[in-house]
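Structure for the following, please:
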Amino acid sequence: MMNEYNNQLHGNSRASAFENARALRKAQTKAELLLWDALRNQQVRNLKFRRQHPFDNYILDFYNHELKLAIEVDGEIHHDPDVVAYDEVRTQNLNEQGITVLRFSNDAVEYELGSVIKAIEDWTDAHGSIGEKRDNVSSTVFSPLSPGRGAGGEVNSRIQTLFSTRKKDILNIYCTAGFPERDSTLVLLKALQDSGADMIELGMPYSDPLADGPVIQESSSRAIANGMSIPVLLEQLNGFRNTIRVPVVLMGYMNPVLQYGFEKFCAEAAGVGIDGLILPDLPVHEFESEYGEIIKRYGLDFTFLVTPETSDERIRKLDALSSGFLYAVSSSSTTGNNKPLEEQAAYFAKLRDMDLRNPVLIGFGIRDKHSYESACRFGNGAIIGSAYIQALQAGGDPEQCTRTFMKAIRP
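Down below sits the predicted model:
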């Protein structure tokens, strides 16, 4: 017999179901609002979801017609034994009508939203594309969360998807958040994507960087003067996946992240749709003992840096701890150096012959078409930072500067 909760959700006719749906839209939980904000406007694999959608006499939290996919968020009331039992019957009935149900807890949505989205994407990737017949699909229940993982246990991500579909000539562009203006960040992300960048490394400005040369240091100082900070950046990035499809990695230093709260930072970065982190001053032993587990908990990739002086043993260890890609620093210098890549040919060849777990992107000193193509001969791709920042420093419209710069690197 249905309890009061079930009577509220499920009427005896389709008309009452539509009335209940309208009422429930006005009384959505925080978790439902967060998930709806992430799903709306076809942000997940270009799928269009309806919220509080009546199906027969049921109300589905989120529903995609093409894949016959229902996504449910369990409120506190779902801990009631009667409701749990009814949920099982409800799911079975939906399965019999060809609908798959993915179920997440409130906590998973509120605190691990990035991983929830990845789990939904993993399911859609594994079960076909829009337009395929979706009959007789079994239910998959994620409770509270069970993100899809690759053969090595790693969380599938946009970065890994990129490297699985494109093995060579990856172009990763670095830009500083809040430069040249406080509100330039989203403008540059969109301009870089539209101009052909495969990945974007978004720098979080810091007053005392260890690895950055004078060009990027100057851009960070200007960004800080513009008022850029981690809270401002995360607020700016809220909803950026409406328009940005390429992987975006945050690069920065531990001090401001620790001041913000490391786990809070990871949770919110994943929640807005960031794919990975580069924190050059995070020690390996601290990553292993404390921070690595937090990073993985929120489904973020993490990239370590190696240099020509890094021992083979340490390279293998950093490769094993990294996910997404390994950052090969071209020389023992700061960003923006002009040392010829050919001088490090033996180093790059060693990395290639080590049969590393991760793809290798080469950075530091990649500044033009020639150095980009040279780096691509040695690795899976290249990272360009200082040269792009210099192009922006020269002035003019940032979008036009970006188009001109990108066309010169990779016509």
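
From now on I want contacts and neighbour counts done on CA atoms only, so please keep to that.
Fine.

what residues are up against the closest residue to Lys167 other than its chain neighbours?
With C-alpha to C-alpha, 6 or more residues apart in numbering as the criterion, Lys167 has its nearest non-adjacent residue at 6.1 Å, and that residue is Asn380. Asn380 sits next to 167-170, 359-362 when contact means C-alpha atoms under 8 Å, 6 or more residues apart in numbering.

Any quick PyMOL command for the buried ones out of those residues?
Applying 16 or more other C-alpha atoms under 10 Å to the contacts of Asn380, the buried members can be selected in PyMOL as follows:
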select buried, resi 168+169+170+359+360+361+362
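
for this structure, what's the longest helix?
helix 81-96 (DSSP state H).

The stretch 101-250 of the chain: strands as residue ranges?
170-176, 199-203, 248-251 (DSSP state E, counting those that start in this stretch).

do the stretch 301-411 of the chain as well
So, for the stretch 301-411 of the chain - with DSSP E, counting those that start in this stretch - the strands run 301-302, 305-306, 326-329, 360-363, 381-384.

of all the ones you listed, which lies closest to Leu277?
Evaluated over the strands of the stretch 301-411 of the chain, closeness to Leu277 peaks at strand 301-302, with 4.9 Å, by C-alpha to C-alpha.

next one: the closest one to chain centre, how far?
10 Å (C-alpha atoms, centre = their mean, to the nearest Å).

What is the least confident helix or strand in this structure?
helix 4-9 (a mean of 40; mean pLDDT, DSSP states H and E).

quick revisit: kindly compare burial across the strands of the stretch 101-250 of the chain and name the winner.
strand 170-176 (a mean of 25; mean count of other C-alpha atoms under 10 Å).

So which elements touch that strand?
helix 185-194, strand 199-203, helix 214-225, strand 381-384, helix 386-393 (3 or more C-alpha pairs under 8 Å, 6 or more residues apart in numbering; DSSP states H and E).

In the last one, which residues are buried?
Think helix 386-393. 386-389, 392-393.

relative to helix 214-225, how tilted is that helix?
Relative orientation of helix 386-393 versus helix 214-225 (axes from the mean of the first three to the mean of the last three C-alpha atoms, to 10 degrees): 50 degrees.

Kindly report the same for the first one.
Relative orientation of helix 185-194 with respect to helix 214-225: 140 degrees, computed using the same axes, to 10 degrees.

distance between helix 185-194 and the chain's centre?
On C-alpha atoms, centre = their mean, the centre of helix 185-194 falls 16 Å from that of its chain.

Out of the strands of the stretch 101-250 of the chain, which gets nearest to Phe104?
Using C-alpha to C-alpha, the nearest of these to Phe104 is strand 248-251, at 25.3 Å.

hmm, back to that, Throw the strands of the stretch 101-250 of the chain into JSON lines and include mean pLDDT and distance to Cys266, thanks.
Shown next, in JSON lines, are the strands of the stretch 101-250 of the chain (pLDDT from 0 to 100; distance: least, C-alpha to C-alpha, whole Å):
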{"stretch": "strand 170-176", "mean pLDDT": "97", "distance to Cys266": "19"}
{"stretch": "strand 199-203", "mean pLDDT": "98", "distance to Cys266": "15"}
{"stretch": "strand 248-251", "mean pLDDT": "97", "distance to Cys266": "10"}
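
Now distance to Thr124 too, for the ones you listed, in a markdown table please.
As requested, the strands of the stretch 101-250 of the chain are exported to a markdown table (distance: least, C-alpha to C-alpha, whole Å):
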| stretch | distance to Thr124 |
| --- | --- |
| strand 170-176 | 25 |
| strand 199-203 | 22 |
| strand 248-251 | 21 |
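
for those, which one sits closest to Arg222?
strand 170-176 (9.7 Å).

List the neighbouring strands of that closest one plus their orientation.
strand 199-203 (parallel), strand 381-384 (parallel) (DSSP bridges).

Which one, of the helices and strands packed on strand 170-176, ends up nearest to Thr404?
The nearest among those, by C-alpha to C-alpha, is helix 386-393 at 9.1 Å.

what does that closest one contact?
Counting by C-alpha under 8 Å, 6+ apart, residues outside helix 386-393 touching it are 173-176, 180, 213, 215-216, 219, 335-336, 366-368, 398, 401-402, 405.

How far away from the center of its chain is it?
Using C-alpha atoms, centre = their mean, the offset of helix 386-393 from its chain centre is 25 Å.

Just the CA atoms of it, as CSV, please.
What follows is helix 386-393, C-alpha atoms only, in CSV (Å, rounded to 0.1, in the frame of the first residue of the first chain):
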residue,chain,number,x,y,z
SER,A,386,54.5,32.2,-22.3
ALA,A,387,54.3,32.9,-26.0
TYR,A,388,50.5,33.1,-25.9
ILE,A,389,50.6,35.4,-22.9
GLN,A,390,53.0,37.6,-24.7
ALA,A,391,50.6,37.8,-27.6
LEU,A,392,47.9,38.9,-25.3
GLN,A,393,50.2,41.4,-23.6
